[in-house]
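**Q** Show me how the following folds:
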Amino acid sequence: MRWISSTAARRLAREEYGREIQVWTAASITQGDTQKDADDLWNYYTVEKGDDAAIDNLLRIQMVQAQRLLNEDLETRRKQMRGGWGGYRLIGTAEVVVDRLHGLTGIGLYA
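**A** Predicted coordinates:
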């Protein structure tokens with residue numbers, strides 16, 4: 001699989017297929033009063049309270065995806081899934097979250 005930028009994807013869709021497209025991404029937001037509060041909260045709901053049995057079931061159901069991820073550390077993938085299904089993580093203060101959302105839209109993504 002070859003990855004291209006959202007700008008290149010829009011250009012390809014327009015020039016090759018005569019279509020206008022939007023490029024979206026999934027994101028999860030964990031916000032705290034400080035960066036440490038947000039990091040601690042994310043750790044709490046992904047590590048301390050994460051449902052590994054549910055994640056293991058999801059990984060089994062999606063064997064195609066799991067096969068593709070064999071080269072990744074499985075525990076890292078589990079944590080990413082517990083923390084927002086593996087989408088782009090927005091963790092921090094309100095200001096940090098807003099800045100990162102602006103950054104995503106600045107490169108042409110919708111979150």
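
**Q** Could you pull out the helices in the chain for me?
**A** Under the criterion DSSP state H, the chain contains helices at 6-17, 35-43, 52-61, 63-68, 74-82, 94-106.

**Q** Which residue lies nearest the spatial centre of the chain?
**A** Nearest to the geometric centre of the chain sits residue 87, at 1.5 Å (Cα atoms, centre = their mean).

**Q** Run through the chain and note the low-pLDDT ranges.
**A** The chain contains residues with pLDDT under 70 at 1-3, 64-73, 86, 110-111.

**Q** The same query, at a cut-off of 50, please.
**A** Counting by pLDDT under 50, the chain contains low-confidence ranges at 1.

**Q** Now the residue lying closest to the residue nearest to the centre of the chain once chain neighbours are set aside, what are its backbone angles?
**A** Setting aside the residues directly before and after it, residue 87 is nearest to residue 26 in space (Cβ to Cβ, 6 or more residues apart in numbering), at 3.2 Å. Just so you know, the C-beta spots here come from the backbone N, C-alpha and C atoms, and that holds for glycine as well. Here is the backbone geometry of residue 26 (degrees, to the nearest 10): phi -90, psi 150.

**Q** didn't residue 26 look like it was pressed against residue 84?
**A** Yes: the pair residue 26 / residue 84 is scored as a contact, 7.4 Å apart, by Cβ atoms under 8 Å.

**Q** between these two, which one's more packed in?
**A** Per other Cβ atoms under 10 Å, whichever of residue 26 and residue 84 has more neighbours is residue 84, with 19 against 10.

**Q** Report the separation between the more buried one and residue 14.
**A** The gap separating residue 84 from residue 14 is 31 Å, by Cβ to Cβ, to the nearest Å.

**Q** now residue 85
**A** Counting by Cβ to Cβ, the gap from residue 85 to residue 14 is 30 Å.

**Q** Same check on residue 93?
**A** In terms of Cβ to Cβ, residue 93 sits 38 Å off from residue 14.
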